[in-house]
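# after the sequence you'll find the predicted model.
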Amino acid sequence: MTEFTELNLVGPLLRAIEKQGFTAPTEIQAASIPDLLDGKDFMGIAETGGGKTAAFVLPLLQSLSHDRKRPKSNKPTAVIIAPTRELASQIGLCIRVFTRGIKLFHVVAYGGAPYGPQLQQLQRGVDILVATPGRLMDHMKRGTVQLDNVKTFVLDEADRMLDMGFIDDVNFIAEHLPEEHQTVMFSATMSPAIKKLSEKLLNEPIYVEAKRKAAVASTIDHSVMMVRQLDKKDLLMHLVAQEEMERVLVFVRTKATADALAEEISNSVEGLKTAAIHGDLHQRARERTLRSFKTGKFSVLVATDVAARGIDVNGITHVINFDLPMEPENYVHRVGRTGRAGADGIAISICEPRERNLLRNIEQVIKQKVRIDDDHPFPAPVPQKNKHRPKRSGRPARKPAEQSQPAEIKPFRKRPKKTVSKNKGKPGFKSSKSANPDANSNNKRSNFKRRKFKRAS
């Protein structure tokens, strides 16, 4: 087994690693750190929870600390972009932990946070800038961030960045980088879009994909509960009320559902405190919610996919997919919040019968069948197969002898074409009266009576 001491890391980094309790590098860390220390462009594929953050942070810190020059104002030496605020904060925390004893400055910039502290730190000069694409572009347009001195450019969770529509932002940022720089990309999946982006940004890169049996950790138990749409909330209340649900993460599709569901869980299940986290919350509120979830103030957290990768909380026992993700790759990032660092985790999906196609797509991505669990109070009825209708009793079939006799063919007769007078309906044209004079007189009398009845009314 490879040790951190074999990766040519400096003493302060090794001491920080040991203080965090890490004994051996993960597969992606052992494969990437030597090449990143050599300054090569790199593309790494590894499952969520595989240690990708430390895989690029450790060699980056060592490279910057070697022959370090004081960074200039508003000109960082390294730039790391992440798709979400939570993930950017997580990277910033990782840098702060490993830079103890190393003189390096960093700043984390993302939307929702005030500009003032970010501007002050950028003006003093930082070695590393961690940012979301939107906030980084804002600083670039303001002139408070200039990429002229960037030596290392890192894209973390590149697949998620493309899913969230940041491809144009990434290309805009990459176009303003100097010609000579190192580009590093990490992703949980290798889709055709990611491959195309890597070919555009990377120069003679090293491709490393950590071996894995599936797209998710093998310590996670996957199950699905089939339920009707009307019973989904009742089933969720039944699940979160169980004692073994110590720390639960519930995923939904929309922000409105997250808020409504969190309030309903708190009101329905006695003694259970619940909170919601999504993109509309201010950054301080999101940080406060995550901090309360980590400390155990809330035992259930309802989240959207935007916050899926930024939630780095140890000890999450259950992940419940109240809504199945529309994109199967998001399932990997959702359930990756549990079963981390070799711990056991449980992933439960609540599925309506009409969502079976989404379930099949998920099974193709994780390359395993999801176990169907019918042991709950609200099982969906099993769809019945269409039965053939019984034959109707009607006219008996003709005998073969009758069928063989040719039917009598009638000669074709051309019917005379009906002609309509061209003057019919024109003003001044009087239609022909009936041949029966008595009928005409009766019609006149009836019309007269009708006109008289109307007047009388």
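Here it is on my side, so go on. Residues are numbered from 1 along each chain as shown.

# now stretch 191-208, how far from the centre of its chain.
22 Å (CA atoms, centre = their mean, to the nearest Å).

# swap that for stretch 129-147, sorry
25 Å.

# over to stretch 19-27?
30 Å.

# mind exporting that stretch as CSV, just the C-alpha atoms?
Provided in CSV are the C-alpha atoms of stretch 19-27 (Å, rounded to 0.1, in the frame of the first residue of the first chain):
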residue,chain,number,x,y,z
LYS,A,19,-3.0,15.4,12.2
GLN,A,20,-6.2,14.9,10.2
GLY,A,21,-6.0,11.2,10.8
PHE,A,22,-5.2,10.1,7.2
THR,A,23,-2.8,7.2,7.0
ALA,A,24,-2.8,6.2,3.4
PRO,A,25,-3.8,8.0,0.2
THR,A,26,-6.8,7.0,-1.8
GLU,A,27,-6.4,5.5,-5.3
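
# which of the three states applies to the most centrally placed residue in the chain?
The residue lying closest to the centre of the chain (CA atoms, centre = their mean) is Asn330, at 4.4 Å. Using DSSP: H, G, I helix; E, B strand; the rest coil, the structure places Asn330 in helix.

# and for Val107?
At Val107, secondary structure determined by three-state DSSP is strand.

# tell me where the model's unsure across the stretch 201-350 of the chain.
Scanning the stretch 201-350 of the chain for pLDDT under 70 picks out 212-215, 307-310.

# what ranges do the helices span in it?
232-240, 255-268, 283-295, 328-335 (DSSP state H, counting those that start in this stretch).

# how far out from the middle of the chain is the shortest one?
In other words, helix 328-335. Worked out by CA atoms, centre = their mean, helix 328-335 lies 7 Å from the chain centre.

# any buried residues in it, and which?
For helix 328-335, a neighbour-count test (16 or more other CB atoms under 10 Å) marks Pro328, Glu329, Asn330, Tyr331, Val332, His333, Arg334, Val335 as buried. For every residue, glycine as well, the C-beta is placed using N, CA and C.

# repeat for the longest one
The neighbour-count check on helix 255-268 (16+ other CB under 10 Å) flags Lys255, Thr257, Ala258, Asp259, Leu261, Ala262, Ile265, Ser266 as buried.

# for the third one, which non-adjacent residue is closest in space?
Translated: Ala258. Nearest residue to Ala258, sequence neighbours excluded (CB to CB, 6 or more residues apart in numbering): Ala276, at 4.2 Å.

# sorry, back to before: ok, so of the buried residues of helix 328-335, who is nearest Ser63?
Distance to Ser63 across the buried residues of helix 328-335 (CB to CB) is lowest for His333, with 28.9 Å.

# domains for the protein, by residue range?
Following automatic domain parsing, the chain resolves into domains at 4-209, 220-372.

# let me have those in CSV, adding distance to Pro379 as columns.
As requested, the domains of the chain are exported to CSV (distance: least, CB to CB, whole Å):
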stretch, distance to Pro379
domain 4-209, 31
domain 220-372, 6
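
# quick one: the strands in the stretch 201-350 of the chain, in order.
Counting by DSSP state E, counting those that start in this stretch, the stretch 201-350 of the chain has strands at residues 206-209, 220-226, 248-251, 274-277, 300-303, 318-321, 345-351.

# okay, those in JSON lines with mean neighbour count and distance to Arg288 next?
JSON lines is the format used below for the strands of the stretch 201-350 of the chain (neighbours: other CB atoms under 10 Å; distance: least, CB to CB, whole Å):
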{"stretch": "strand 206-209", "mean neighbour count": "16", "distance to Arg288": "38"}
{"stretch": "strand 220-226", "mean neighbour count": "19", "distance to Arg288": "29"}
{"stretch": "strand 248-251", "mean neighbour count": "26", "distance to Arg288": "17"}
{"stretch": "strand 274-277", "mean neighbour count": "24", "distance to Arg288": "9"}
{"stretch": "strand 300-303", "mean neighbour count": "26", "distance to Arg288": "12"}
{"stretch": "strand 318-321", "mean neighbour count": "23", "distance to Arg288": "22"}
{"stretch": "strand 345-351", "mean neighbour count": "23", "distance to Arg288": "25"}
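
# against Ser63, how distant is the nearest residue to Lys211 once chain neighbours are set aside?
For Lys211, ignoring the flanking residues on the chain, the nearest one in space by CB to CB, 6+ apart is Glu27 at 6.6 Å. Distance of Glu27 to Ser63, given as CB to CB, to the nearest Å: 22 Å.

# for stretch 280-296, buried residues please.
Leu281, Arg286, Glu287, Thr289, Leu290, Phe293, Lys294.

# surely Arg247 is in contact with Gly315?
Yes - using CB atoms under 8 Å, Arg247 is in contact with Gly315, at 5.5 Å.

# so between those two, which is more surrounded?
Arg247 (18 against 11; other CB atoms under 10 Å).

# residues touching the more buried one, list them.
Phe293, Gly296, Ser299, Val313, Gly315, Ile316, Thr317, His318 (CB atoms under 8 Å, 6 or more residues apart in numbering).

# which two among the residues you listed are spaced furthest apart?
Gly296 and His318 (14.8 Å).

# tell me the spatial nearest neighbour of Ala78, not counting adjacent residues.
Thr152 (4.2 Å).

# wait, the one you found touches Gln182, no?
Yes - here Thr152 lies in contact with Gln182, judged by CB under 8 Å, at a distance of 4.8 Å.
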